[in-house]
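Student: I would like the atomic coordinates for the input below:
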Amino acid sequence: MQHPHVTLTIAEGIAWVELSRPEKYNALNYALFDSIVKVQKVIAGRRDVRAVILSGSGGNFCSGLDVASVMKSPMQAFKLLFKWLPGNANLAQRVSIGWRRLPVPVICVLEGICYGGGTQIALGADMRIAAPDCRLSIMEAKWGLVPDMAGLVGLRELVGKDVAMQLTMTAEVIDAEQAKDYGLVTQVSEAPREAAEALALRLAKTSPDANAAIKFSINKSWRAGERSLLARESLSQVRLLLGKNRVIAALRQTKDPERRYRPRQPWWR
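Tutor: Numbers count the residues shown, from 1 in each chain. Here you go, the predicted structure:
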């Protein structure tokens, strides 16, 4: 399925999403912002999707905002930043936080350049696998700006406050191994796409309902109070116990390892 500058392919339960503006190092223009959010909506409506692999074309992930393109149209800039309420996500923020809101695990493949808005998008994924040549930077301070694409939601969960401030205030460029040491990257691989596919296939062997519940619980409870965490765990467990995929998971462990899971239950959003 083709959207402007984004390719979506769904096969055997895995959604492959590729940013496709290689002549601009996959820089973010308005059409690319819009397409990412539309692709997220398509995936959210597909209960047969078990995992998402997000990557960039042409050997790079994303070089950040295409400032010249966006600023050509004041209306486009307005549409990117507009929101009805301050606490809502605008279009620029949904390209990052939208991956967190999907009820399936999202794996991001990082190659080449991953700067500014590209890093913000990657921070919205659940796991990040980087090639050794990848270079990352939270680059907004270089232009006198604050990161405003919701990547800080993920950043605060991955690194200490001092490291977050250092990376954000200095806009320094770090390599993949440094990113892994900081906790920004899950693993470094010479073949990140293959590693991402192998991980996605492993995730597809477990219950889609359980994976959705785990992602929901971890994201909601990571910084929540203890009582909220306990309540959320109990509610998720009741839903899982009442679902057919929990029975299938048990059968796969005992009698029928090839038994196919049913599509994810619709309440996991």
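Student: Look up how far residue 96 lies from residue 206.
Tutor: Residue 206 sits 26 Å away from residue 96, going by Cβ to Cβ, to the nearest Å. (Each C-beta comes from the backbone N, C-alpha and C, glycine too.)
Student: hmm, I was thinking of residue 4
Tutor: 19 Å.
Student: okay, those two: which has more neighbours?
Tutor: The residue with more neighbours, out of residue 4 and residue 96, is residue 96; 25 against 13, by other Cβ atoms under 10 Å.
Student: Contacts only, for that one.
Tutor: 120, 121, 123, 124, 149, 150, 151, 153, 154 (Cβ atoms under 8 Å, 6 or more residues apart in numbering).
Student: Go again with 7 Å.
Tutor: 120, 121, 123, 124, 149, 150, 151 (Cβ atoms under 7 Å, 6 or more residues apart in numbering).
Student: Go through those and say which is closest to residue 257.
Tutor: Proximity of the contacts of residue 96 to residue 257 was ranked by Cβ to Cβ; the top entry is residue 124 with 33.4 Å.
Student: Tell me, how many residues neighbour that closest one?
Tutor: 26.
Student: Next: residue 59.
Tutor: 13.
Student: re earlier: the contacts of residue 96 in strands, which ones?
Tutor: Using DSSP state E to define strands, no part of these is located there.
Student: top of those by neighbour count?
Tutor: Neighbour max across the contacts of residue 96 (other Cβ under 10 Å) = residue 120, 31 neighbours.
Student: Let me know the distance separating it from residue 43.
Tutor: On the measure of Cβ to Cβ, residue 120 and residue 43 end up 19 Å apart.
Student: What distance do you get for residue 236 to residue 267?
Tutor: 10 Å.
Student: out of these two, which sits in the busier spot?
Tutor: More crowded of residue 236 and residue 267, by other Cβ under 10 Å: residue 236, with 20 against 11.
Student: I'd guess the more buried one is in a helix, am I close?
Tutor: Yes - assessed with DSSP: H, G, I helix; E, B strand; the rest coil, residue 236 lies in a helix.
Student: which non-adjacent residue is nearest it?
Tutor: Nearest residue to residue 236, sequence neighbours excluded (Cβ to Cβ, 6 or more residues apart in numbering): residue 213, at 4.1 Å.
Student: now do residue 31
Tutor: Nearest non-adjacent residue to residue 31 (Cβ to Cβ, 6+ apart): residue 4, at 4.1 Å.
Student: now swap in residue 76 and tell me
Tutor: Residue 76 sits nearest to residue 30 (Cβ to Cβ, 6+ apart), 4.2 Å away.
Student: Likewise for residue 100?
Tutor: residue 124 (5.4 Å).
Student: Test my guess that that neighbour contacts residue 99.
Tutor: Yes - under the criterion of Cβ atoms under 7 Å, residue 124 is in contact with residue 99, at a separation of 4.0 Å.
Student: so what sits against both of the two?
Tutor: With Cβ under 7 Å, 6+ apart, residue 124 and residue 99 have no common neighbours.
Student: which residues in the stretch 151-269 of the chain form helices?
Tutor: 151-158, 161-170, 176-182, 192-203, 208-221, 226-241, 244-254 (DSSP state H, counting those that start in this stretch).
Student: Looking at those, which is nearest to residue 88?
Tutor: That would be helix 151-158 among the helices of the stretch 151-269 of the chain, by Cβ to Cβ, at 13.6 Å.
Student: and that closest one, what other elements does it pack with?
Tutor: Contacts defined by 3 or more Cβ pairs under 7 Å, 6 or more residues apart in numbering; DSSP states H and E place helix 151-158 against helix 117-123.
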